[in-house]
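Engineer: Structure for this input, please:
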Amino acid sequence: MRRGLEALRGTTGLVVIAVNTMIVCAVLYPMGLVRTVLPDSRLRKAIGQPMDRLIDAWVAVARAVVLHLGVTRLDVRFPREAEGMDRWNLVISNHQSWADILVLQAALYERIPRLKFFTKRQLTWLPLLGFAMWMLGFPYVYRHSPEQLRSRPDRMGRNREATLRQCKRFHERPVSVLIFAEGTRFTKEKWRRGERSFRHLLRPRMGGIRYVLESLGPKIPTIVDVTIQYEGDVPGFWEFMWGGCRSVDVNVVS
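Structural biologist: Numbering: from 1, shown residues only. Sure thing, here's the model as predicted:
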């Protein structure tokens with residue numbers, strides 16, 4: 001009986017998020033296409049603001065699903081001095097699961113400006129969301145292995161150029177740029193193969209942080225450091241939505 005209720009709750013949550021995504025994208029896509037062809041930067045900026053508000057609408061619904069459908073319990077420790085909607089932030093978080101994005105959106109919503117996060121270039125092809133994130137100016141980065149960079153050293157500057165180009169839009173209004181400094185999800189296997197500098201983290205990759213500070217440094221008064229800890233084993237996204245993690249601790253230091 002309990003498993004049936006969890007499956008129903010998880011399925012309901014996924015359906016709500018999917019429908020919400022389709023509605024938001026139906027409004028966002030025409031606005032984004034118009035913004036792309038407008039020659040006047042002031043008009044592009046004017047359209048960009050309501051486009052960003054669509055992020056807030058999507059996050060509000062996703063947050064309600066997480067909190068009010070009983071997907072999990074969030075225990076958030078957030079210092080009062082770190083709160084503020086009128087300033088730019090660099091947010092750094094550990095990364096363990098695809099559920100991290102939902103957890104961070106729910107935990108930080110209306111405490112700091114909307115999140116825009118680094119994501120892999122391959123996710124451009126994610127149905128609906130990939131194109132939406134591109135329109136909204138989320139920084140997409142390339143993943144190159146050391147072998148690829150040795151054979152094609154000209155690719156080394158691609159992420160810097162792409163990041164600086166996207167960060168130009170972040171000057172328009174306060175935003176929180178989220179970076180998973182590890183560059184990938186933490187697993188024991190990846191940790192064993194790496195340098196093991198930390199017990200529960202992979203070795204951080206500093207490129208994204210450096211590029212954001214290069215572009216937005218004077219505007220960023222503080223760095224928001226977030227640690228996510230799931231109760232028990234780290235859940236996958238579907239397991240998380242089906243109530244597979246009873247509580248999540250989110251600890252914020254600034």
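Engineer: residues contacting P174?
Structural biologist: By C-beta atoms under 8 Å, 6 or more residues apart in numbering, the residues touching P174 are 85-89, 113. Yep, even glycine has a C-beta here, placed from its N, CA and C like the rest.
Engineer: hmm, 10 Å instead?
Structural biologist: P174 sits next to 84-89, 112-114, 219 when contact means C-beta atoms under 10 Å, 6 or more residues apart in numbering.
Engineer: quick check, nearest of those residues to R35?
Structural biologist: Among the contacts of P174, R114 lies closest to R35 (C-beta to C-beta), at 17.1 Å.
Engineer: so what's the closest one up against?
Structural biologist: Contacts for R114 (C-beta under 10 Å, 6+ apart) come out as 52-53, 55-56, 58-59, 85, 105, 108, 136, 173-176, 178.
Engineer: so where is the stretch 1-150 of the chain shaky, pLDDT-wise?
Structural biologist: 1-4, 122, 142-150 (pLDDT under 70).
Engineer: Okay, strands next: where are they in the stretch 151-254 of the chain?
Structural biologist: Under the criterion DSSP state E, counting those that start in this stretch, the stretch 151-254 of the chain contains strands at 176-180, 223-230, 247-253.
Engineer: show me where the stretch 1-150 of the chain has helices.
Structural biologist: Using DSSP state H, counting those that start in this stretch, the helices of the stretch 1-150 of the chain run over residues 2-37, 41-68, 100-108, 129-135, 146-151.
Engineer: The third one relative to strand 176-180, how many degrees between them?
Structural biologist: By that I understand helix 100-108. With axes from the mean of the first three to the mean of the last three C-alpha atoms, to 10 degrees defining the directions, helix 100-108 sits at 140 degrees from strand 176-180.
Engineer: So which other helices or strands are in contact with helix 100-108?
Structural biologist: For helix 100-108, the packing partners by 3 or more C-beta pairs under 10 Å, 6 or more residues apart in numbering; DSSP states H and E come out as helix 41-68, strand 73-77, strand 89-93, strand 115-117, strand 176-180, strand 223-230, helix 237-241, strand 247-253.
Engineer: What angle do helix 100-108 and the longest one make with each other?
Structural biologist: To tie it back to what came earlier, the one meant is helix 41-68. Using the same axes, to 10 degrees: helix 41-68 against helix 100-108 is 90 degrees.
Engineer: Now do helix 41-68: distance to the chain's middle.
Structural biologist: Mean C-alpha position of helix 41-68 versus that of the full chain (C-alpha atoms, centre = their mean, to the nearest Å) differs by 14 Å.
Engineer: for that helix, packing partners?
Structural biologist: helix 2-37, strand 73-77, helix 100-108, strand 115-117, helix 129-135, helix 237-241.
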